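Visitor: give me the fold of what follows.
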Amino acid sequence: MAALTLSPNLATWAIAALATLGVIVRPFSWPEAIWAVTGALALVLLGLLPAGTAWEGVLKGTDVYLFLVGMMLMSEVARKEGLFDWLAGIAVRTAQGSATRLFTLVYLVGTVVTVFLSNDACAVVLTPAVYAATRAAKVENPLPYLFICAFIANAASFVLPISNPANLVVFAEHMPPLTRWLALFALPSLLAIGTTYLVLRLTQNGTLKQQSVAT
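Guide: Have a look, this model is predicted:
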């Protein structure tokens, strides 16, 4: 306890690091929320974060919570209704046996899902659908298509404020109007999406040329 009193900053960073590690590694297969909440409670109980400040922070996140709940409900309904499987299936059929064409189509689908349903929907919900679709199409190595879901979830996450839940946290009550947002982020987002596509195509081109896609 003396060490915590002498170096509260170090203790705060240590708890934050351990909580983050718990979220990433998920020991005992416990949900990520348990580790994050445990870290926050530890800060309060050790006097490193005033309880009033912590509660004030919780209340400030109401908009973010409601947004996340809404997006998760939309994504879950879309998943149960087969939207992501349908989109992935369309990409496979439209590819007409071309692995490179399928790569581009999956990239476009991933971009649309990220922009309008958030990067979490792309990374968490679209990825299994893409994997299932590539397996059904008898693609030998689905990794190039799975890489798309991981990378486009970041590259397209600033097209709209809803494209990434973190946007609501970072901007909070200073969220600019949509026209201002697009003026700030439309061009950088297009450059990020285009550059990510080019890099992925270049790095995965050798694998794609060796693959065939069943129609």
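Visitor: give me the helices and strands touching the lengthiest helix in the chain, please.
Guide: What stands out as the longest helix in the chain, according to DSSP state H, is helix 178-209. The contact analysis (3 or more CB pairs under 8 Å, 6 or more residues apart in numbering; DSSP states H and E) places helix 178-209 against helix 99-117, helix 143-155. Where you see a C-beta, it was placed from the backbone N, CA and C, and this is true even at glycine.
Visitor: immediately after the shortest one, which helix or strand?
Guide: Okay, so that is helix 143-155. helix 165-171 (DSSP states H and E).
Visitor: chain center to that next one: distance?
Guide: Distance, stretch centre to chain centre, for helix 165-171: 13 Å (CA atoms, centre = their mean, to the nearest Å).
Visitor: not counting its own residues, what contacts it?
Guide: Residues outside helix 165-171 that contact it (CB atoms under 8 Å, 6 or more residues apart in numbering) are 61, 63-64, 67-68, 71, 118, 120, 157-158, 161, 175.
Visitor: now the two most distant members of the residues you listed.
Guide: Gly61 and Phe158 (20.4 Å; CB to CB).
Visitor: more neighbours, these two?
Guide: Phe158 (22 against 14; other CB atoms under 10 Å).
Visitor: between the helices and strands packed on helix 178-209, which one is nearest to Ala19?
Guide: helix 143-155 (22.5 Å).
Visitor: so what's the model's average confidence on that closest one?
Guide: Average pLDDT, helix 143-155: 92.
Visitor: how about that helix, which residues are buried there?
Guide: 144-149, 151-153, 155 (16 or more other CB atoms under 10 Å).
Visitor: ok, now stretch 28-39?
Guide: Buried residues in stretch 28-39 (16+ other CB under 10 Å): 35, 39.
Visitor: neighbouring contacts of it?
Guide: 15-16, 18-20, 22-23, 26.
Visitor: now do stretch 85-96
Guide: With CB under 8 Å, 6+ apart as the criterion, stretch 85-96 contacts 101-102, 105-106, 108-109, 113, 126, 129-130, 132-134, 136-137, 213, 215.
Visitor: might you list the low-confidence residue ranges for this protein?
Guide: 1-6, 172, 214-215 (pLDDT under 70).
Visitor: output the contacting helices and strands for the helix or strand Ala133 falls within.
Guide: Assigned by DSSP H and E, Ala133 belongs to helix 127-136. Identification of packing neighbours for helix 127-136 by 3+ CB pairs under 8 Å, 6+ apart yields helix 83-95, helix 99-117, helix 143-155.
Visitor: go again with 6 Å.
Guide: When contacts are defined as 3 or more CB pairs under 6 Å, 6 or more residues apart in numbering; DSSP states H and E, helix 127-136 packs onto helix 83-95, helix 143-155.
Visitor: could you tell me the angle between the first one and helix 143-155?
Guide: Computed by axes from the mean of the first three to the mean of the last three CA atoms, to 10 degrees, the angle separating helix 83-95 from helix 143-155 equals 120 degrees.
Visitor: for the helix holding Ala133, buried residues please.
Guide: Buried-residue list, helix 127-136, by 16+ other CB under 10 Å: 127, 129-131, 133-134.
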